[in-house]
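Colleague: What would the 3D arrangement of this be:
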Amino acid sequence: MAINLVLMGLPGAGKGTQAQKIEANYSMLHISTGDIFRNAIQNQTEMGKQAQKYIDKGELVPDEVTDGIVADRLNQKDIYNNGFMLDGYPRNLEQAKALQKLLTDTNRHLDAVINIDVDPDILVKRLSARYICKKCGATYNKISNPTKKAGVCDFCGSEEFYQRDDDKPETVKNRLDVNIKMNTPLIDFYKEQNILYNINGDQDIDQVFKEIIQVLDNLSN
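Modeller: Reported below is the predicted structural model:
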């Protein structure tokens with residue numbers, strides 16, 4: 001049975017890692033909105049041309065153009081045969097309703113929305129733990145990927161490191177707040193439809209995947 005899935009999670013929750021593991025173990029096709037945007041623009045599709053106009057002006061691509069690009073991809077034959085895992089879409093309630101209409105109009109439906117749920121305070125610590133070697137640019141994380149010898153770069157031996165402004169705690173917190181504000185209406189929307197599955201993302205990566213497998217295998221049976 002083909003499964004149609006939306007994968008959600010705040011930055012740093014491990015969504016990308018889990019998406020790779022799901023794709024490797026199930027037939028559904030991983031659809032990243034970033035990838036299909038790039039493909040649509042590169043292939044000069046009608047929607048791709050429209051998106052390019054907004055991007056060239058430094059403006060946000062409107063929902064109807066984003067919806068159109070996603071619809072083009074979801075209506076391709078390989079998706080019908082294998083199902084899909086949407087990553088990065090929908091990003092707001094209007095997009096969620098557009099997706100629902102598209103699926104209903106083509107006699108399909110969403111089977112599940114998996115939300116990898118991690119305490120925002122933990123995510124701030126996780127995301128702001130990143131630091132970079134000044135000399136060679138090697139990237140480390142104090143929590144998940146520290147240098148082998150404290151304060152010394154594994155690759156070039158430098159003892160000078162810096163942190164990007166984007167990785168500083170206050171910037172990370174602001175980014176998470178924006179994402180929480182966007183995600184909350186979506187979570188409520190899918191909760192009302194009884195297709196939302198919250199997975200505890202504070203656990204080990206393999207344990208998170210084990211819980212995702214339980215959800216997907218139950219849907220398949």
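Colleague: Would you mind confirming that Leu5 makes contact with Asp111?
Modeller: Yes - using C-beta atoms under 8 Å, Leu5 makes contact with Asp111 at a distance of 6.3 Å. For the C-beta atoms, the positions are set from N, CA and C on the backbone; glycine is no exception.
Colleague: Now do the shared contacts for those two.
Modeller: Common contacts of Leu5 and Asp111, defined by C-beta atoms under 8 Å, 6 or more residues apart in numbering, comprise Gly83.
Colleague: Looking at these two, which has the bigger crowd around it?
Modeller: Shown here are Leu5 and Asp111; by other C-beta atoms under 10 Å, Leu5 has more neighbours (26 against 18).
Colleague: Quick check: which element contains the more buried one?
Modeller: Leu5 belongs to strand 3-9 when assigned by DSSP states H and E.
Colleague: Direction included, what does that strand pair against?
Modeller: Here strand 3-9 is paired, per DSSP bridges, with strand 83-87 (parallel), strand 112-117 (parallel).
Colleague: Now render the ones you listed as JSON lines, adding distance to Pro62 and mean pLDDT.
Modeller: Formatted as JSON lines, those follow (distance: least, C-beta to C-beta, whole Å; pLDDT from 0 to 100):
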{"stretch": "strand 83-87", "distance to Pro62": "19", "mean pLDDT": "96"}
{"stretch": "strand 112-117", "distance to Pro62": "24", "mean pLDDT": "98"}
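Colleague: Phi and psi next, for the residue of the chain most remote from its centre.
Modeller: In the chain, counting by C-alpha atoms, centre = their mean, Gly157 sits farthest out from the average C-alpha position, at 34.5 Å. Dihedral angles of Gly157 (phi, psi; degrees, to the nearest 10) stand at phi 80, psi 0.
Colleague: ok, now Lys15?
Modeller: The phi and psi torsions at Lys15 (degrees, to the nearest 10) take the values phi -60, psi -40.
Colleague: Go ahead and confirm it touches Asp87.
Modeller: Yes - Lys15 lies in contact with Asp87 (C-beta under 8 Å); the separation is 6.8 Å.
Colleague: Common neighbours of those two, please.
Modeller: Both Lys15 and Asp87 are contacted by Leu7, under the criterion C-beta under 8 Å, 6+ apart.
Colleague: re the thing from before, select, out of the strands paired with strand 3-9, the one closest to Ala71.
Modeller: Ala71 lies closest to strand 83-87 among these, at 11.8 Å (C-beta to C-beta).
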